[in-house]
Structure formats: structure tokens, C-alpha cells
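>>> below: sequence and its predicted model.
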Amino acid sequence: MSYIESPRATGGERLAAALAHASIFFFPIVLPAAIFFLYPLAFGSSPYVRSQTAQSFMFHLLVLIVSGVLGGMAAFLWHIILIGWLPAIACALAAGGLWLWAAIMEVVALLKVLQGERANLPIVGGW
């Protein structure tokens with residue numbers, strides 16, 4: 001029986017996965033990558049931890065890239081007088097809304113991994 005089928009992840013595995021998902025609030029991208037590379041050195045390989053930290057890393061990276069593009073569009077549109085400020089504000093609000101949505105998704109994933117279940121984040125889940 002694989003870890004995907006069984007919700008029997010150890011306490012250390014759950015804690016490592018939970019830290020990776022909670023890092024959306026502090027050190028996004030950096031902490032999941034650190035756990036991904038350092039956990040096997042300290043505690044041995046764990047497919048559960050590798051899967052959850054890889055998902056968290058890719059999700060944070062994707063959210064950062066998309067919100068950066070939206071923020072860049074907002075800054076660009078703000079300086080174009082012909083278009084005006086309304087599209088710029090819409091892009092800025094979309095970037096903020098994206099981070100709020102990402103935080104909610106990560107909290108749901110955090111609650112799942114604390115119970116030892118596999119959490120699948122949108123777009124990057126299912127690895």
C-alpha cells in the first residue's frame with residue numbers, strides 16, 4: 001500500500017509537509033525548497049514529504065509569477081494616460097485576490113497534511 005492510499009504518514013512527515021504549506025505566510029518558495037532538499041538528508045527519503053513540498057514549491061512559484069505579471073501590468077497601465085487608472089486597479093486587485101486564494105488553498109492543504117492525508121493543490125496537484 002503506498003502513502004497515497006494510506007493516511008498513515010508519521011508525525012515528522014506531517015510536520016515537514018505542514019511547514020511547507022504554511023510557508024505561504026512566511027518564506028514562500030524558500031522553505032518548501034529547503035525542506036525538499038534537507039529532509040531526506042536528516043530523516044531519510046519520504047515520498048509523502050517530497051510530494052507535498054514539491055507541490056507547495058511549484059504552487060508558490062506559480063502564484064508569485066502570475067501575481068508579478070499582474071502587478072507589472074498594473075504599474076504599466078497606471079502610467080498610460082489613455083487607458084486610465086481603472087484597469088490598473090483591476091490588475092492590482094486581481095494580484096491581491098490571487099494571493100488570498102492561494103493562502104486559502106494552502107490552509108486547506110495544511111489541515112489535510114496535519115491529518116496525514118495527501119493534499120492536492122490546484123494546477124500543480126497530483127504529482
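Yep, that arrived. Residues are numbered from 1 along each chain as shown.
>>> neighbours of Leu121, just the number please.
Around Leu121 there are 22 other residues, counting by other Cβ atoms under 10 Å. Any C-beta I mention is one placed from the backbone N, CA and C, and that applies to glycine too.
>>> and the nearest residue to it once chain neighbours are set aside, backbone torsions?
Excluding the flanking residues, the one nearest Leu121 by Cβ to Cβ, 6 or more residues apart in numbering is Phe59, at 4.6 Å. Listed backbone geometry of Phe59 is phi -70, psi -50, with angles given as degrees, to the nearest 10.
>>> read off the pLDDT value for Phe59.
Model confidence at Phe59, given as pLDDT, is 94.
>>> residues contacting it?
Contacts for Phe59 were tallied using Cβ atoms under 8 Å, 6 or more residues apart in numbering; they are Ala102, Met105, Glu106, Leu121, Pro122, Ile123, Val124.
>>> correct me, but the first one touches Val63?
Yes: at 4.5 Å, Ala102 counts as touching Val63 under the criterion of Cβ atoms under 8 Å.
>>> extract the residue ranges of this protein that are flagged as low pLDDT.
For the chain, residues meeting the criterion pLDDT under 70 lie at 1-7, 81-84, 126-127.
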